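> fold the following.
(4 chains)
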Protein chains: 2
Amino acid sequence: MPKSKTHKELSERSVHLFKALVEHYINQGQPVGSRTLARETDLDLSPATIRNVMADLEDMGLITSPHTSSGRIPTAKGYRFFVDSLMRIDKLDSAEMKRIASELDPGADIKSLLERTSSMLSEITHLAGIVMLPRTEHKSLQHVEFVKLSDNRVLVILVMSDREVQNRIIQTAKPYSTAELQRASNYVNSHFIGKDLNNVREDILRELQKAKDDVNHVMQTAIEMAGSAIIKGDGHGDYLMAGQTNLMEVAELCDVDKLKRLFEIFSQKRDILHLLDQAIHARGLQIFIGEESGYEVLDACSVVTSPYEADGEILGVLGVIGPTRMPYERVIPIVDVTAKMLGTALNSDS
Amino acid sequence: MPKSKTHKELSERSVHLFKALVEHYINQGQPVGSRTLARETDLDLSPATIRNVMADLEDMGLITSPHTSSGRIPTAKGYRFFVDSLMRIDKLDSAEMKRIASELDPGADIKSLLERTSSMLSEITHLAGIVMLPRTEHKSLQHVEFVKLSDNRVLVILVMSDREVQNRIIQTAKPYSTAELQRASNYVNSHFIGKDLNNVREDILRELQKAKDDVNHVMQTAIEMAGSAIIKGDGHGDYLMAGQTNLMEVAELCDVDKLKRLFEIFSQKRDILHLLDQAIHARGLQIFIGEESGYEVLDACSVVTSPYEADGEILGVLGVIGPTRMPYERVIPIVDVTAKMLGTALNSDS
DNA sequence: TTTTGACACTCTCAACGGGAGAGTGCTAAA
DNA sequence: TTTAGCACTCTCCCGTTGAGAGTGTCAAAA
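Purely as a prediction, here's the structure:
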């Protein structure tokens, strides 16, 4: 039986060379050849030897050459191996930590905090930053207020348990007086505060049916509204993105057609949300490399994400989108730390 | 003294040819030469004659040739002349009118209404749609509500006169009881409702100073906050944009570097806002052609805008951004009608 | 005086064809 | 097993060339 390296574990030397190749490519952006690799590694090997090793690596699907006779570049599988097993993640230096912390002012309201976060992510990574808005799944009501705007228009203010506030205007069939509305809000406030909206919505609605209060309808609408706000409101299924233009100077994507399709995916939102949804369920830092994401347009892109949480609950996920050829050692800790810091900034005690 | 056509009024024939040239170029996107023009016009002229006319037009700065021996294309000045004096604006056909009207649901809240508007603009024009958020200049308070979130955190809800609602959280030096906050909001509500915030802010603050109420600080902060919300809040200096990707398939902009600078202008917002500010003061449909905008990146772009108003007051401005070579006859009525319809959808009686 | 046909000229664009450079695979020797 | 050598392949750049489109001009025609 002939000795074959395919599907065998790699020799230490091969791994060393592979790592050097990936690092070189990430830095330089050019396919790297045997000659360069011979020069750049401390192993004392001739280009010819390295060529043999590279042929093995290519057989295993870790690297590929864009065309005969240019150097090799890592494949998605190669990046995956690199990221999972080879890479040493840098500790983020404290100056950078401080910068991140200082950008995330816990006093700000949630929306601008998240905006700040996404643009900061894009600025320090030079990639596109992305922050999913918190999911409002397990929200409960903290306070309800009905404000009469005109005879048939009532403004409903829902204060959720965290800093989220929802406003809706509803049209009522008949006019309600301010006093009636006051009574209604008192009723809702005294009965339903602090309950998990998702679980008890039906109970609340049933109870309201029974009550037959004359402002019943307003309250009912309010609760339904709160429910629908949870399902399709601002809080769910949306994200912020910043620094998309950074992707325009990435050589790998520098063709207008590809860029267009990429940007269309961004503004269409559905696919990216789907990806983020996967990431949020993974609980922990997640990396999608190239084709792994399952979207053809993201072939040349990697997505690094991390969920962020406050008060022990996962609220959403944030991260960056960039070319597969991105400095993972640097990007990963940035995303990781940012998620943690955003979490502490969002904690209710701060 | 030799007879010269430069700086003279154009002959009718020249104008006719110029108009034909612009229309042809807008349709085809290719520089148009004398031969084509001879074929396409009903004037029975030889290419040579037309070349003479074109030379005149070039002297006057209305057209130019990208290089010797390609046809001519209109200059910004040429487009301006075309738009101001030559163009016959299409009536929007009623099917399209209906479509616009049906997209703008008066029941929706203001934010999603404006979002709908911008993406609709981009869809039907195949350009980028832009909608400036309403300015909150002459807003007055309709209702104030203080909600205690925790000992030192108070949620302030400001209901402005139109459908706008502002929420802010403020930190207080000492804890206030719910009752105290209730008193405070009653006080503010009974004293300051309906006053124009811009004009009376100082008065209010002075009065509050005098009052020396123990929750004075909260109210003071609230009013100050309302003031600053007016100046730099959501309501001012922001816009929505949709369909930017449409600009990517415009041949004139199909170089990544130009695109990048364009998109940077968009996300940076300042310059576009400045442009929209000019447009809002112009009261009425406004067209910036190429270099007229004053921004170098917008050289190859035109911006068509129209202010929108509700209840007799100008709220903001909307429009589209596209290449100078855009079908003005079609785009202008679309922007015009959309602004009007958005206005009626925003009217408080609807 | 205006219009036209004719002609030379200019410029772009696409195709073609080296030549340099980089890198490979293979083979035979160390 | 490693290495030197060699032939080969591919890209990229550059200059050339020819076709095509359109121009400007000038002298003749209207």
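
> from here on, contacts and neighbour counts on C-alpha atoms
Will do.

> the stretch 1-150 of chain A: helices as residue ranges?
Using DSSP state H, counting those that start in this stretch, the helices assigned to the stretch 1-150 of chain A run over residues A:12-28, A:34-40, A:47-59, A:76-81, A:94-103, A:110-125.

> nearest to A:E207, of those helices?
Nearest to A:E207 among these is helix A:110-125; the distance by C-alpha to C-alpha comes to 32.8 Å.

> show me which residues of that closest one are buried.
For helix A:110-125, a neighbour-count test (16 or more other C-alpha atoms under 10 Å in any protein chain shown) marks A:110, A:113-122, A:124-125 as buried.

> ok, back up a step: quick one, which of the helices of the stretch 1-150 of chain A is nearest to chain B?
Nearest of these to chain B, taken as C-alpha to the nearest C-alpha: helix A:110-125 at 10.1 Å.

> what average pLDDT does the closest one get?
Mean pLDDT, computed over helix A:110-125, is 94.

> helices and strands around it, which ones?
helix A:94-103, strand A:128-132, strand A:239-242, strand A:313-323, helix A:328-346 (3 or more C-alpha pairs under 8 Å, 6 or more residues apart in numbering or on different chains; DSSP states H and E).

> contacts for whichever helix or strand comes after the third one, please.
On the C-terminal side of strand A:239-242, the nearest following helix or strand under DSSP states H and E is helix A:256-268. By C-alpha atoms under 8 Å, 6 or more residues apart in numbering or on different chains, the residues outside helix A:256-268 that reach it are A:M248, A:L253, A:D271, A:I272, A:V297, A:L298, B:T245, B:M248, B:E249, B:C254, B:D255, B:V256.

> what about the last one, how many residues nearby?
Summarising burial for B:V256: neighbours were counted as other C-alpha atoms under 10 Å in any protein chain shown, giving 17.

> just to revisit the earlier point, out of the helices and strands packed on helix A:110-125, the one nearest B:L276 is which?
Here strand A:239-242 is closest among the helices and strands packed on helix A:110-125 (C-alpha to C-alpha), at 22.2 Å.

> partner strands of the closest one and their direction?
Strand pairing for strand A:239-242, determined by DSSP bridges: strand A:128-132 (antiparallel).

> next, the angle from the partner strand to helix A:328-346.
40 degrees (axes from the mean of the first three to the mean of the last three C-alpha atoms, to 10 degrees).

> so strand A:128-132 versus strand A:313-323, what angle?
Using the same axes, to 10 degrees: strand A:128-132 against strand A:313-323 is 160 degrees.

> strand A:128-132 versus helix A:110-125: what angle between them?
Going by the same axes, to 10 degrees, strand A:128-132 makes 150 degrees with helix A:110-125.

> centre of the chain to stretch A:272-284, how far?
7 Å (C-alpha atoms, centre = their mean, to the nearest Å).

> if we can go back for a sec, in JSON lines: the buried residues of helix A:110-125, plus distance to B:V188.
Output for the buried residues of helix A:110-125, formatted as JSON lines (distance: C-alpha to C-alpha, whole Å):
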{"residue": "A:I110", "distance to B:V188": "26"}
{"residue": "A:L113", "distance to B:V188": "29"}
{"residue": "A:L114", "distance to B:V188": "32"}
{"residue": "A:E115", "distance to B:V188": "32"}
{"residue": "A:R116", "distance to B:V188": "33"}
{"residue": "A:T117", "distance to B:V188": "35"}
{"residue": "A:S118", "distance to B:V188": "37"}
{"residue": "A:S119", "distance to B:V188": "37"}
{"residue": "A:M120", "distance to B:V188": "38"}
{"residue": "A:L121", "distance to B:V188": "41"}
{"residue": "A:S122", "distance to B:V188": "43"}
{"residue": "A:I124", "distance to B:V188": "44"}
{"residue": "A:T125", "distance to B:V188": "47"}
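
> domain-wise, how is chain A divided?
Taking automatic domain parsing as the domain assignment, the ranges for chain A are A:12-86, A:94-134+A:237-346, A:141-232.

> from B:A251, how far off is A:F266?
As judged by C-alpha to C-alpha, to the nearest Å, A:F266 and B:A251 stand 22 Å apart.

> of those two, which one has the most company?
Neighbour tally, A:F266 and B:A251, criterion other C-alpha under 10 Å: the higher count belongs to A:F266, 16 against 10.

> now the more buried one: how far from A:L127?
Separation of A:F266 from A:L127 (C-alpha to C-alpha) stands at 14 Å.

> cool, A:L37 as well?
Counting by C-alpha to C-alpha - A:L37 and A:L127 are separated by 28 Å.

> of the two, who's got more company?
Ranked by neighbour count (other C-alpha under 10 Å), A:L37 and A:L127 place A:L127 first, with 26 against 22.

> what's near enough to touch the more buried one?
A:L127 makes contact with A:L121, A:G243, A:Q244, A:N246, A:L247, A:V320, A:I321, A:G322, according to C-alpha under 8 Å, 6+ apart.

> any idea how far DNA strand C is from it?
Relative to DNA strand C, A:L127 is positioned 27 Å away (C-alpha to the nearest atom of the strand, to the nearest Å).

> now that residue. Its backbone dihedrals?
phi -120, psi -170 (degrees, to the nearest 10).

> same deal with A:G33?
Dihedral pair for A:G33: phi -100, psi 180, per degrees, to the nearest 10.

> could you give the number of residues near the closest residue to it other than its chain neighbours?
Leaving aside its sequence neighbours, A:G33 sits nearest to A:G71 (C-alpha to C-alpha, 6 or more residues apart in numbering or on different chains; 4.0 Å). Neighbourhood size, A:G71 [other C-alpha under 10 Å]: 21.

> for A:I130, same thing?
By other C-alpha under 10 Å, 30 other residues sit near A:I130.

> kindly report the same for A:A38.
Using other C-alpha under 10 Å, A:A38 is surrounded by 19 other residues.

> over to A:P323?
Residues lying near A:P323 (other C-alpha under 10 Å) number 21.

> can you report phi and psi for the closest residue to it other than its chain neighbours?
In this structure, A:P323 finds its nearest non-sequential neighbour in A:C301, 4.1 Å apart by C-alpha to C-alpha, 6+ apart. With angles defined as degrees, to the nearest 10, A:C301 sits at phi -120, psi 150.

> same question for A:H67.
A:H67 has phi and psi values of phi -160, psi 160 when expressed as degrees, to the nearest 10.

> and if you look at A:G294?
When read as degrees, to the nearest 10, the backbone of A:G294 gives phi 90, psi 0.

> among the helices and strands of chain A, which has the poorest mean pLDDT?
Least confident helix or strand of chain A, by mean pLDDT, DSSP states H and E, is helix A:216-232 with a mean of 59.

> DNA strand D contacts on chain A?
With C-alpha under 7 Å from any atom of the strand as the criterion, chain A meets DNA strand D at residues A:D44, A:L45, A:S46, A:A48, A:T49, A:N52, A:H67, A:T68, A:S69, A:S70.

> between which two of the residues you listed is the distance greatest?
Greatest spatial distance among the residues of chain A next to DNA strand D (C-alpha to C-alpha): A:D44 and A:H67, at 27.3 Å.

> if we can go back for a sec, just confirm the residue nearest to A:G33 contacts A:S34, I think it does.
Yes. Between A:G71 and A:S34 there is a contact at 7.3 Å, judged by C-alpha atoms under 8 Å.

> and the closest residue to A:P327 other than its chain neighbours, how many neighbours does it have?
Computed as C-alpha to C-alpha, 6+ apart, the closest residue to A:P327 that is not its neighbour in sequence is A:I26, at 6.3 Å. If you count neighbours by other C-alpha under 10 Å, A:I26 ends up with 18.
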